[in-house]
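Asker: using only what follows, build the 3D model:
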Amino acid sequence: MTYQGKITQLYTNMVNNSIDRGHAPPGFSKEEFDLYCKGSAEFNTIWAEWESGGFQPRQGPSFGRMDETKGYSWDNAELKTFHRNLLSSDGLTDDQLRRVAVACKAFGASKEATLRELRSLGFPTSSTRMRRAWST
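Answerer: Residues are numbered from 1 along each chain as shown. Next up, the predicted model:
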């Protein structure tokens, strides 16, 4: 993964996640996001640590939303590692979400019903994470 490639991947993921969630596209252009990342000491620190650590998947840069009910905008986003973003997104680890999916499937619940129930209980789990957990 190259530095520019990661920036492009992050922006593309934000666009795709916005579509999946039914949110508006990010409130900034790809070019604005490029400039932000390249000028961000925090992004460059996360990148350098990720690179020196051998590009461990969970340690790479990630751009998360502070309010999961809203789309990506400068005032609703923060830069962190992918691992911190996963943990803060809904409070569930990947393993916990996988266990929920396994249990719900065993009782005949659909993926969509499980996702709705998690959200009603205050876990704003993304459909992307649920899709991944459901497939295991």
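Asker: how does the protein divide into domains?
Answerer: As assigned by automatic domain parsing, the chain contains the domains 3-90, 94-134.
Asker: now do the strands in this structure.
Answerer: Taking DSSP state E, the strands of the chain run over residues 61-65, 77-81.
Asker: which strands or helices does the last one pack on?
Answerer: Meaning strand 77-81. Packing contacts for strand 77-81, counted by 3 or more Cβ pairs under 8 Å, 6 or more residues apart in numbering; DSSP states H and E, involve helix 41-52, strand 61-65. Every residue, glycine included, has its C-beta placed from N, CA and C.
Asker: for it, the distance to its chain's centre please.
Answerer: 10 Å (Cα atoms, centre = their mean, to the nearest Å).
Asker: returning to that earlier point: would you mind saying which of the strands of the chain lies nearest residue 6?
Answerer: strand 61-65 (6.4 Å; Cβ to Cβ).
Asker: does anything pack onto the closest one? Which helices or strands?
Answerer: Using 3+ Cβ pairs under 8 Å, 6+ apart, strand 61-65 is in contact with helix 3-21, helix 41-52, strand 77-81, helix 82-90.
Asker: kindly export that strand (C-alpha atoms) in CSV.
Answerer: Output in CSV follows, covering the C-alpha atoms of strand 61-65 (Å, rounded to 0.1, in the frame of the first residue of the first chain):
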residue,chain,number,x,y,z
PRO,A,61,-5.3,5.2,9.4
SER,A,62,-9.1,5.3,9.4
PHE,A,63,-11.5,8.1,9.2
GLY,A,64,-14.5,7.6,11.5
ARG,A,65,-17.7,9.5,12.3
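Asker: now residue 56. Nearest residue, chain neighbours left out?
Answerer: Counting by Cβ to Cβ, 6 or more residues apart in numbering, residue 50 is the residue found nearest to residue 56 once chain neighbours are left out, at 7.1 Å.
Asker: for the chain, what helix or strand is lowest in average pLDDT?
Answerer: Across the helices and strands of the chain, mean pLDDT, DSSP states H and E gives its lowest value to helix 82-90, namely a mean of 71.
Asker: for the most far-flung residue of the chain relative to its centre, report the pLDDT, please.
Answerer: Here the chain reaches farthest from its C-alpha mean at residue 107, the gap being 28.0 Å by Cα atoms, centre = their mean. Reading off the confidence values, residue 107 has pLDDT 87.
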